[in-house]
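**Q** I'd like to go over a predicted model; first the sequence, then the structure.
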Number of protein chains: 2
Amino acid sequence: MLSKKTQYGLKALGYLAAKYGEGPVLISEIARKKKIPIKFLESILLQLKNKGVLDSKKGKGGGYFLANAPKKTTLASAIRIVDGPIAMIPCVSLNFYQKCKDCNEATCGLNKAMAFTRDATLKILEKKTLYDLIDAE
Amino acid sequence: MLSKKTQYGLKALGYLAAKYGEGPVLISEIARKKKIPIKFLESILLQLKNKGVLDSKKGKGGGYFLANAPKKTTLASAIRIVDGPIAMIPCVSLNFYQKCKDCNEATCGLNKAMAFTRDATLKILEKKTLYDLIDAE
DNA sequence: AAATACTCTACTGATTAAATAGACTAATAT
DNA sequence: ATATTAGTCTATTTAATCAGTAGAGTATTT
């Protein structure tokens, strides 16, 4: 399961995706509309900004907004920023790989099965973008 | 990511799958071969037994063994027992469903995207079984 | 200069993960 | 019977992460 933090992050990104092109959106507005604790949301948005997904403007008329068009950011990359690895075990992670201490990856059955699963999952998450998070009417 | 506990559990199940039909296997043997803290492994195996995946025999010549042929138990069911939900968010979980407080599932973009992802993941995990965890030679 | 709004650091409490200890119970062999 | 083996169960501990809070600081606009 994704952490609550990541779920909040994705909700917020969906909200910002829907408002793309309309200028900065207040953190407080996102928090209110998406029912996210505001201080918690602050740190999530900042993290997404530091990774280039979001941009912000300070002062009056300020707020957060997508750094790029909604279709430019995949769900896979957004999830990796907030949640970390997408793979189910470290030895099949593409972006957060860690070698298994005791198993030979060439022969490990678990490794193979999890690599398969990762591929299936990524096939979706690399294709879906923030655009897909926009709520239907 | 799966919890360490679940990773240990799957490793142990792979080991028992390889020995299916050869009678009970000592916890201590599994722990040694798979480098799993033995007391931690105890609780994992017990949990799997209580859910019907494993069976055990006490006393001399005792140990744990698969309750059914390796191909009878899917990875999805094994993971659900030890780790819980496979879905990335509660509102698309089939076995651990929880309603979203604030979003309408019919229109929620995140819900749709995560349901897709869940389907792709489950398509693999429901097909793969403990048999697939057996290490190659 | 005042108001607005994001930024950053630090902290707290709750939960879960991971592991350990030890007493108990069941089965087997002698 | 009884000693030994090996799983069962309860409780505890330690560490890490999650989730959320507080407040001072900085940049921007009017």
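**A** Noted; the coordinates are in hand.

**Q** So residue A:98 is in contact with residue A:91, correct?
**A** Yes. Residue A:98 is within contact range of residue A:91, at 6.6 Å (criterion: Cβ atoms under 8 Å). For every residue, glycine as well, the C-beta is placed using N, CA and C.

**Q** Among these two, which residue is more densely surrounded?
**A** Counting neighbours by other Cβ atoms under 10 Å in any protein chain shown for residue A:98 and for residue A:91 shows that residue A:91 has the greater number, 18 against 10.

**Q** The more buried one belongs to a helix?
**A** Yes. The assignment for residue A:91 by DSSP: H, G, I helix; E, B strand; the rest coil puts it in a helix.

**Q** Could you report the separation of it from residue A:124?
**A** Using Cβ to Cβ, to the nearest Å, we find residue A:91 at a distance of 22 Å from residue A:124.

**Q** And for residue A:56?
**A** Computed as Cβ to Cβ, the residue A:56 to residue A:124 distance reads 29 Å.

**Q** out of the two, which sits in the more crowded spot?
**A** residue A:124 (20 against 16).

**Q** The helix or strand that one falls within - contacts with which helices or strands?
**A** Using DSSP states H and E, the element containing residue A:124 is helix A:109-125. Counting contacts by 3 or more Cβ pairs under 8 Å, 6 or more residues apart in numbering or on different chains; DSSP states H and E, helix A:109-125 packs against helix A:75-82, helix B:4-18, helix B:109-125.

**Q** DNA strand C: which of those helices is closest?
**A** Minimum separation from DNA strand C across the helices and strands packed on helix A:109-125 (Cβ to the nearest atom of the strand) falls at helix B:4-18, 3.0 Å.

**Q** Which neighbouring elements make contact with whichever helix or strand comes after the closest one?
**A** Taking DSSP H and E as the definition, the helix or strand that follows helix B:4-18 towards the C-terminus is helix B:27-34. In this structure, helix B:27-34 makes packing contacts with helix B:4-18, helix B:38-50, strand B:63-66, judged by 3+ Cβ pairs under 8 Å, 6+ apart.

**Q** give me the number of residues near residue A:104?
**A** Residues lying near residue A:104 (other Cβ under 10 Å) number 10.

**Q** An error on my part: the question was meant for residue A:82.
**A** Close neighbours of residue A:82, defined as other Cβ under 10 Å, add up to 20.

**Q** quick one, what contacts it?
**A** The neighbourhood of residue A:82, defined by Cβ atoms under 8 Å, 6 or more residues apart in numbering or on different chains, consists of A:3, A:5, A:6, A:9, A:10, A:44, A:47, A:48.

**Q** What is the neighbour count of the fifth one?
**A** It refers to residue A:10. Residue A:10 sits with 26 neighbouring residues when counted by other Cβ under 10 Å.

**Q** At the contact with DNA strand C, which residues of chain A appear?
**A** Contacts of chain A with DNA strand C, taken as Cβ under 7 Å from any atom of the strand, map to A:24-28, A:39, A:42-43, A:45-46, A:49-50, A:56-64.

**Q** Could you check which residue of chain A lies nearest DNA strand D?
**A** Checking chain A residue by residue against DNA strand D with Cβ to the nearest atom of the strand singles out residue A:59 as nearest, at 2.6 Å.

**Q** Quick check, central residue of chain A?
**A** What sits nearest the mean C-alpha location of chain A, by Cα atoms, centre = their mean, is residue A:78, with 2.2 Å.

**Q** mind listing what's buried in stretch A:76-88?
**A** By neighbour count, with 16 or more other Cβ atoms under 10 Å in any protein chain shown as the criterion, the buried positions of stretch A:76-88 are A:76, A:77, A:78, A:79, A:80, A:81, A:82, A:83, A:85, A:86, A:87, A:88.
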